[in-house]
Structure formats: C-alpha cells, structure tokens
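*Asks:* let me see the structure of the following:
(2 chains)
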Amino acid sequence: MSGGRQELTPEAARERVQELRACVWGLGLALLLTLVPFALVALGGLPRQPTLWTIGLLALVQIVVHFRFFLHIDLSRQKREDLQLILFSLLILLIMVGGTLWIIFDLYVRMMPAMLP
Amino acid sequence: MSLQRRHPGLNLGAAHQEADDASEVLVFGFWVFMMSDLIVFGLLFATYATMLGATAGGPGPRDLFDLRSAFVETMLLLASSFTFGMASLALKYRRDRGRLLFWLGLTLALGAGFLGFEVHDFLAMIAKGGAPSRSGYLSAFFALVPLHGLHVTAASLWLVVLTVQSLVFGLDTRVKTGLLRLGILWHFLDLIWIGIFSFVYLAGLA
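*Replies:* I've put the predicted structure just below:
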C-alpha cells in the first residue's frame, strides 16, 4: 500500500490527466488574475476609482477560479452539498459584512466625517 | 468500476476504498469548520474597512506597505497551492510516497518562505512606527493579516505531523483523510490571501 507505483486503469489515467490539466489551468488563470491588479497598482496607469473596481472584480473572479480548479467545487450533482454550504455561508457573510459597513459608514457620514477614509 | 465521485469536492477516488468511505463525512465536516473560519475572516475584513480612516495621525497604508514584498508573498502562496494540488494528485493516482513527500516538502518550503516574508513585513512596519497599539487602523490590520499567518503556521505544522505519520505508519486511512482535509485548509488559506492582497495591500496602495 505505501510504496511502489501501481498501474492505473485507463479511466483512472484519463481522470488523472484531466485533474492535472485543471491544476495547471488553475495556476495559469490565478497568475493572470494576480499579475493584472499588481501591475495596475505598480504602474499606476488608471485613476484611483477604476483601479479599485478592477482590483475588487478580479479578486472575485480569482476566488471563483480557486474554488473551481483547486478546491474542485463545481456545478456537478455530486458536489451540490458543498456548493450549497459555501453559498449559504457566503449569504450569511454578506448580510453581516454588508450590514456592518452600511451602519458604520452611515454613522460616520452623519456624525464622524473625520473617520471616512 | 465506481470511478464516480461519491462525496463532494476534493476526494481520493475509487482506488482508496476504505479511506474514500471514511473521508465522506470527515471532508464535509471539515468544510463546515472552514466556513465558520470564513465568517471570522469576513468580519475581520469588515472591521478593517470600518477602521480605514482611524489612523489617529499615525502612519497609514501608503507609509507602511511594501508592494514588492506583498507580491512575493502572493506568488509564494499561489505556488504552494499548486504544489499541494500536485501532492493530492500523487496521493490519489500514484500512491507513491516518494513523489507525495517531494510535493509536500516543496509546499512546506513555499509556506515557510511566505511566513518569513510576512514576519519581515510586520517587523518593518513596526520599525516605521506601525505597531498594533498605534491606532485603530493598525489594530484592525494586525488582527486580520497575522491571523492568516497564524493559520498558515498551524497548517505547516499539520503538514509536518502528517509527513511524519506517513513515514511511521505508511499511507493508511487516517493519514490519507488527514491530507485531504489539510488540502482544503491550504487552498482555503490561499483564498483568504486573495482578499488580503486585493483589499488590504493593493487597495491600500492604489
């Protein structure tokens, strides 16, 4: 069981190549999605507001890429439970984070403008 | 031949019948734990955002962050996520301990490199007057980013333990399901880092 490589069945060999390809694709896409925002900030070509939007958008895309290619979460039926768990946690998170930011920044605007970044 | 994946996400496949059965519940349970960790990080991100203006006259992101260092850390962690993926493949299809240990060793080295750069960053920040006690902004920063570093440290220790276990006991069911769960943790930490480099470092310097 421990040492020694074993012969793979043709299906397993095919599946291995698929997963290997997914891993490399994941790395390539993640690299691209990392390098672009770093380059934007390093070169400073765009004004601040569009830069921030681009960074946020690319981060979201990269998170999806990591889920898909590294954590193997996709839309297939066997992974439904995981996907539902993740989506529900994200919903809870969205409510709590969104609520926090809304309330606190509303307070800043009304009472403590000095605290606005 | 049951090559279909019976449980969600990362899995060992049909060639590891016993471990595959055992991991079904363990992996889902670990995902539940991971999601509770996600909530913790998410709320610390929210705290950080509300504290952006609370520098209290102290140094802010532009004075403290080093883009080059953040870039190196990002690359190291991304590479380690890839090498852990390769380790998972070596475990799943090759059942070849040598190859598995090679990729795990590489992952550990990249993780250690990441931590080295991060500690160096924190020390540089403190040297520039950016200690956690200086302002609300810095307290929020030091609650968020080093917590991620602490997670990477714990994951690295876990990796060392699993490596030793695989050497002592061989690749038995407990070691295999352990590696599966560590894989989820490791990839998840890279996911959190996307948030940190984007919303803390890049947005702070943009």
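
*Asks:* who are the neighbours of the strand or helix carrying residue A:100, in terms of helices and strands?
*Replies:* When secondary structure is defined using DSSP states H and E, the element that contains residue A:100 is helix A:80-111. Here helix A:80-111 is seen to pack against helix B:17-50 when contacts are counted using 3 or more Cβ pairs under 8 Å, 6 or more residues apart in numbering or on different chains; DSSP states H and E. To be clear about C-beta, it is placed using only N, CA and C from the backbone, and glycine gets the same treatment.

*Asks:* what does stretch B:180-191 contact?
*Replies:* Outside of stretch B:180-191, the residues that reach it under the criterion Cβ atoms under 8 Å, 6 or more residues apart in numbering or on different chains are A:63, A:66-67, A:70-71, B:9-12, B:23, B:26-27, B:30-31, B:34, B:37-38, B:77-78, B:80-81, B:84-85, B:87-88, B:107, B:148, B:151-152, B:155, B:158-159, B:162.

*Asks:* repeat that for 7 Å
*Replies:* Stretch B:180-191 has contacts (Cβ atoms under 7 Å, 6 or more residues apart in numbering or on different chains) with A:63, A:66, A:70-71, B:10, B:12, B:23, B:26-27, B:30-31, B:34, B:77-78, B:81, B:84, B:88, B:148, B:151-152, B:155, B:158-159, B:162.

*Asks:* cool, and stretch B:113-127?
*Replies:* Against stretch B:113-127 from outside (Cβ under 7 Å, 6+ apart): B:64, B:66, B:69, B:72, B:73, B:76, B:77, B:80, B:146, B:149, B:152, B:153.

*Asks:* with stretch A:48-66 instead?
*Replies:* Residues lying outside stretch A:48-66 but in contact with it, judged by Cβ under 7 Å, 6+ apart, are A:26, A:29-30, A:33-34, A:36-37, A:40-41, B:187, B:190-191, B:194-195, B:198, B:202-203, B:206.

*Asks:* angle of the helix or strand bottoming out on mean pLDDT in chain B against helix A:80-111?
*Replies:* Ranked by mean pLDDT, DSSP states H and E, the weakest helix or strand in chain B is helix B:17-50, scoring a mean of 89. Angle of helix B:17-50 versus helix A:80-111, following axes from the mean of the first three to the mean of the last three Cα atoms, to 10 degrees, is 10 degrees.

*Asks:* tell me the buried residues in helix B:17-50?
*Replies:* Neighbour counts over helix B:17-50 (16 or more other Cβ atoms under 10 Å in any protein chain shown) mark B:19-20, B:22-23, B:26-27, B:30-31, B:34-35, B:37-38, B:41-42, B:44-50 as buried.

*Asks:* for residue A:8, which non-adjacent residue is closest in space?
*Replies:* Leaving out its chain neighbours, the residue that sits closest to residue A:8 by Cβ to Cβ, 6 or more residues apart in numbering or on different chains is residue B:93, at 6.1 Å.
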